[in-house]
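Enquirer: kindly generate the corresponding structure for this input.
(chains A and B)
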There are 2 protein chains.
Amino acid sequence: MTNGADSIIATALDQGIEVCFANPGTTEMPLVAALDRAPRMRPVLALHETVCTGAADGYARVAGKPALTLLHLGPGLANGAANLHNARRAVSPVVNLVGEHATWHKSADAPLAMDIEGLARTFSAWVGTAASADDMGRLAAEAVAIAKGRRAIATLIAPHDLQAIEVEARSFSPPRYAGPSVDFAMIEAAATALRQPKAALYLGGAGLFGVGLERAGRVAAATGCTLIAPSSYNRLEVGRGLPTIHRLPYFATAAQAYLDGFTHVVGCGVDRPVSFFGWPGEPSRYLEGREGVIWLSGLHEDALPFLDALVQALDAKEPIARYDAEMAQMPSGGPLTAETLVEVLAVGLPEDAILIPTAVTTGFAFAAHAGRARPHTQLALTGGAIGMGPSLAVGAAIGAPGRKIVNLEADGSGAYALQAFWTQAREGLDVTTIICHNRVYKILQIELERAGLAIGEASKHLTELDRPALDWTGLARSLGLEAEKVDDVAGFAAALERGLATPGPYLIEAMI
Amino acid sequence: MTNGADSIIATALDQGIEVCFANPGTTEMPLVAALDRAPRMRPVLALHETVCTGAADGYARVAGKPALTLLHLGPGLANGAANLHNARRAVSPVVNLVGEHATWHKSADAPLAMDIEGLARTFSAWVGTAASADDMGRLAAEAVAIAKGRRAIATLIAPHDLQAIEVEARSFSPPRYAGPSVDFAMIEAAATALRQPKAALYLGGAGLFGVGLERAGRVAAATGCTLIAPSSYNRLEVGRGLPTIHRLPYFATAAQAYLDGFTHVVGCGVDRPVSFFGWPGEPSRYLEGREGVIWLSGLHEDALPFLDALVQALDAKEPIARYDAEMAQMPSGGPLTAETLVEVLAVGLPEDAILIPTAVTTGFAFAAHAGRARPHTQLALTGGAIGMGPSLAVGAAIGAPGRKIVNLEADGSGAYALQAFWTQAREGLDVTTIICHNRVYKILQIELERAGLAIGEASKHLTELDRPALDWTGLARSLGLEAEKVDDVAGFAAALERGLATPGPYLIEAMI
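Expert: Prediction:
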């Protein structure tokens, strides 16, 4: 027997999708039963939908292809929306499957009914609601093709009754999306610009890892240009032996000053840089109204053909601009602070690890040390919706088995998705989480100070997390993880070693 | 100094709003500073926005007026959306304040930018974005008036820069909303119908508590009609000495059969009943196409004027139809099951407690015993987005100080909002949570069985919560609560007594 639900799952499998991050409900039961009949699709259960969507993002970043999410009507999709916003900003492909009330029940406006399409449009490039069971396979093929071809989020809404209707089994050819076309005159202009003394290549997307980064390294070696990454990115490879990439500063004045130091800026695989917030008196768009800017391709376009063309135009044969910094040094001891913590991490991070530096303040501190660590991959928070680290780690671990995942997380942001730790334990995922426990929304106190606002009673109440302090070790153990608490350099270094040696998830509560 | 942010907070205070459930970010810092200058507005911090919005719903249900939420841009609002859906279905007034990027920065499409208005429209009756600082007070007055007058959600979007611009201090008269008008011919028809032998008064809103319930009791005493509550409701008063209210069954066939037993049904303060899901072969709308149905008012209208008119038309002077059932009896002992647990709770629930029975399966089981318990208030899950219990409890405790709050919660749904327990601890709220720990999404396994679907590998994986089992006692202690674990009747009875005697929050992990 094949029904509408089966045709969705079979089509997704045909297109190479292998994982479904799920928190289903009654209206998704035929899809759950279809998963029973499709053992090649791996179901991963989460206690909250934000884990499903964050995991789908993390999976897409390391596996290079979408996963499914399976979510319960509008409220289930709403619970996953913040991480879908992050995924949209990361240009991570994700295919959401969302159940809807039975077609004959929809107009009854039952309690769970809401405007699912309107909600989905706030983060999806494509939204489709199946009008028949026969429609489901075709729509699934379209959703997957859009997600892959446009590096975007596609949301397929499947009415409950239609999922269970029998249909003929058939396969669907997805629509094809052409790659970007390269303008060779612009490539020549970019090559000329990059040969100037103060030139920078500002990179995103595929330019920050693997073959793209290797090409960028050759361009830098041939021209002497500086490589710059955005302050946030989907995926970045960094460390000793890899091309040096400078990260654009987070605060606007510093970012503007940094970019103003270059007479020529070439952009590739990334949108023009803008300020994260509109801070009073600070700039909004850093490259606006200035000379010497050439943009090869934006964030939604594949950077690779442009970098290939640049390499050819420059005849850039030197394989790589090697980073020759010293290996990071272990601090001599003493108390754990944001600074000593990132120094220990720079020493201890294993080669080929995937680091998720979603602790806002400590994550910035690590950036200064990343080049002196062993080569590793970083997945950053892209959309600013905090709390995705533990969920991103779930997806990264499932998408890159055999690699060590390290999540550098804060207490404030980590508390957003405690549920993700349970899925890490359930699936035995090799994730070491470091909670930088400072008992405060540090970034907000910095912002208050920058805005010249005194910290009064209410703002103190709304930025401090110390009453009560979270017991992170207890939380982690209660969710099925091994965990320990440390407060000095030696203790943290030993804990990090233990965490990395433990094959399943491990949490280190680092008091800073 | 008064600025746009001050004028929002001052206007809200003028309209009687006293509490702000907040998880702010950079774009809300001027509003946070305005709270520093407005000590009469109580700020309550939550670790996740779903706690803010669920608490605002709980507060509105017991305080009878809205609270503010303060949320960070679109992703913050998205994180609170599922509980705003629940609040919309509960017709609870809520006023959301959401920061937006600075007006001069908006077109830069910075990482956190998204379609906040589009998102807000999926659950709000009113959405407004301030176009100037001067606009902010007026819009705040409109938002509060809509929330109160239409029992709805109003979302005010406040751009970052405008919040900080100085404005003249002034007060705003909110628009007025007229109450419903009563059709006395229809009241006469309803009175006649309710005097028939098999007649029911189907009640919602203000008909289920306080004066409205007292009126409904008089109507029942005068006519002999049966009082029926929906299977879910904003607020219900029930227990010995209060009018007997029968709760409409959850499953459609049973609900249809129950209503078919009445020749006359009068509705008041409630929409016509529909099935929660569209189950194959079961009805969608229970009262469709039948005789003997009179509808006085819907869910968004105040039930009270209609009940007053009915009382007058019937000259219903008997004060109340008293429920004369026996007091609930303590079970003799033995293991804890869903059934013995609710029996103990029916005995132990103190008078005037507020019970939040959001555990789906155990909550239904308690309904059969509620009439034999001491008189208490129940707040139910209205929109079907599970996981709101602990957040609803936060708001109820703040809105009704001095009353005991009891949250009968499941492990599956409780895991949705672990963050709420931290706010309970931080604010020292008198909430006793009972986690009915059965290590399974029980309702989903029931649904699979009802749909005739065998439980295969994937559906087993997606409905079981036992690998690893959550350590609820550990979780609660790590979040700052007192907690204990029990597995038999005597242990649970003693734990319930300790929990109720503890002034702050207390969690009982009840193994069933």
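Enquirer: please spell out which residues along stretch A:100-110 are buried.
Expert: A:Glu100, A:His101, A:Ala102, A:Thr103, A:His105, A:Lys106, A:Ala108, A:Ala110 (16 or more other CB atoms under 10 Å in any protein chain shown). Any C-beta I mention is one placed from the backbone N, CA and C, and that applies to glycine too.
Enquirer: my bad, should have said stretch A:455-465
Expert: For stretch A:455-465, by 16+ other CB under 10 Å, it's A:Ile455, A:Ala458, A:Ser459, A:His461, A:Leu462, A:Thr463, A:Glu464, A:Leu465.
Enquirer: CA atoms only for that stretch - export them in PDB, please.
Expert: Taking Å, rounded to 0.1, in the frame of the first residue of the first chain, the C-alpha atoms of stretch A:455-465 are listed here in PDB:
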ATOM      1  CA  ILE A 455      21.500  49.900  35.300                       C
ATOM      2  CA  GLY A 456      18.500  50.400  37.600                       C
ATOM      3  CA  GLU A 457      16.300  48.000  39.500                       C
ATOM      4  CA  ALA A 458      14.400  46.700  36.500                       C
ATOM      5  CA  SER A 459      17.300  46.400  34.100                       C
ATOM      6  CA  LYS A 460      19.300  44.700  36.800                       C
ATOM      7  CA  HIS A 461      16.400  42.300  37.300                       C
ATOM      8  CA  LEU A 462      16.100  41.700  33.500                       C
ATOM      9  CA  THR A 463      19.800  41.100  32.800                       C
ATOM     10  CA  GLU A 464      21.000  39.000  35.800                       C
ATOM     11  CA  LEU A 465      20.600  35.200  36.000                       C
END
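Enquirer: so what does A:Leu201 have for phi and psi?
Expert: phi -110, psi 110 (degrees, to the nearest 10).
Enquirer: quick check: it vs chain B, distance?
Expert: 22 Å (CB to the nearest CB, to the nearest Å).
Enquirer: from the buried residues of stretch A:455-465, which two are the most distant?
Expert: Pairwise distances across those (CB to CB) peak at 15.2 Å, for the pair A:Ala458 and A:Leu465.
Enquirer: which residues does the residue of the stretch 301-450 of chain A found nearest chain B contact?
Expert: At 3.4 Å from chain B, A:Ala385 is the closest residue in the stretch 301-450 of chain A, using CB to the nearest CB. Residues near A:Ala385 by CB atoms under 8 Å, 6 or more residues apart in numbering or on different chains: A:Ala82, A:Asn83, A:His85, A:Asn86, B:Pro75, B:Gly76, B:Ala78, B:Asn79, B:Leu112.
Enquirer: which element is the fifth one on?
Expert: With the criterion set as DSSP states H and E, the secondary-structure element containing B:Pro75 is helix B:73-79.
Enquirer: using CSV, list the CA coordinates for the very next helix or strand once past that helix.
Expert: Next along the chain after helix B:73-79, taking DSSP H and E as the criterion, comes helix B:81-89. This file holds the C-alpha atoms of helix B:81-89, laid out as CSV (Å, rounded to 0.1, in the frame of the first residue of the first chain):
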residue,chain,number,x,y,z
ALA,B,81,3.9,32.4,19.3
ALA,B,82,2.6,29.0,20.4
ASN,B,83,1.4,30.2,23.7
LEU,B,84,0.0,33.3,22.1
HIS,B,85,-2.0,30.9,19.9
ASN,B,86,-3.2,29.3,23.1
ALA,B,87,-4.1,32.8,24.6
ARG,B,88,-6.0,33.7,21.4
ARG,B,89,-8.1,30.5,21.8
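Enquirer: tell me what helix B:81-89 is packed against?
Expert: helix A:73-79, helix B:49-63, strand B:94-100, strand B:153-159 (3 or more CB pairs under 8 Å, 6 or more residues apart in numbering or on different chains; DSSP states H and E).
Enquirer: list the contacts of the residue nearest to A:Ile405 when sequence neighbours are not counted.
Expert: Excluding its sequence neighbours, the residue lying closest to A:Ile405 (CB to CB, 6 or more residues apart in numbering or on different chains) is A:Val431, at 4.3 Å. A:Val431 is in contact with A:Pro390, A:Ala393, A:Val394, A:Ala397, A:Ile405, A:Val406, A:Asn407, A:Gln424, A:Pro505, A:Tyr506, counting by CB under 8 Å, 6+ apart.
Enquirer: give me the subset of those residues lying in strands.
Expert: A:Ile405, A:Val406, A:Asn407, A:Tyr506 (DSSP state E).
Enquirer: who does the second one bridge with?
Expert: In this structure, A:Val406 bridges to A:Leu355, A:Thr432 when assessed by DSSP bridges.
Enquirer: against A:Phe21, how distant is it?
Expert: As for A:Val406, its distance to A:Phe21 is 21 Å (criterion: CB to CB, to the nearest Å).
Enquirer: ok, the two, which is more surrounded?
Expert: Neighbours were tallied for A:Val406 and for A:Phe21 using other CB atoms under 10 Å in any protein chain shown; the higher tally belongs to A:Phe21 (32 against 27).
Enquirer: hang on, the more buried one is in a strand, isn't it?
Expert: Yes. Looking at A:Phe21 with DSSP: H, G, I helix; E, B strand; the rest coil, it is inside a strand.
Enquirer: could you pull up the residues touching it?
Expert: A:Phe21 sits in contact with A:44, A:46, A:51-53, A:55-56, A:59, A:67-70, A:394-395, where contact means CB under 8 Å, 6+ apart.
Enquirer: if you set the cut-off to 6 Å instead, what comes out?
Expert: By CB atoms under 6 Å, 6 or more residues apart in numbering or on different chains, A:Phe21 lies in contact with A:Val44, A:Cys52, A:Ala55, A:Ala56, A:Ala67, A:Thr69.
Enquirer: now, among these, which is nearest to B:Leu213?
Expert: A:Cys52 (41.4 Å).
Enquirer: if we ignore the residues flanking it in sequence, what's nearest that closest one?
Expert: The shortest distance from A:Cys52 to any non-neighbouring residue, by CB to CB, 6+ apart, is to A:Phe21 (3.9 Å).
Enquirer: who does the one you found form a beta bridge with?
Expert: Beta bridges link A:Phe21 to A:Val44, A:Thr69 when assigned by DSSP bridges.
Enquirer: what count of nearby residues applies to the residue of the stretch 151-300 of chain A found nearest chain B?
Expert: For the stretch 151-300 of chain A, the residue closest to chain B is A:Gly278, as judged by CB to the nearest CB, at 2.8 Å. A count of nearby residues for A:Gly278, using other CB under 10 Å, gives 24.
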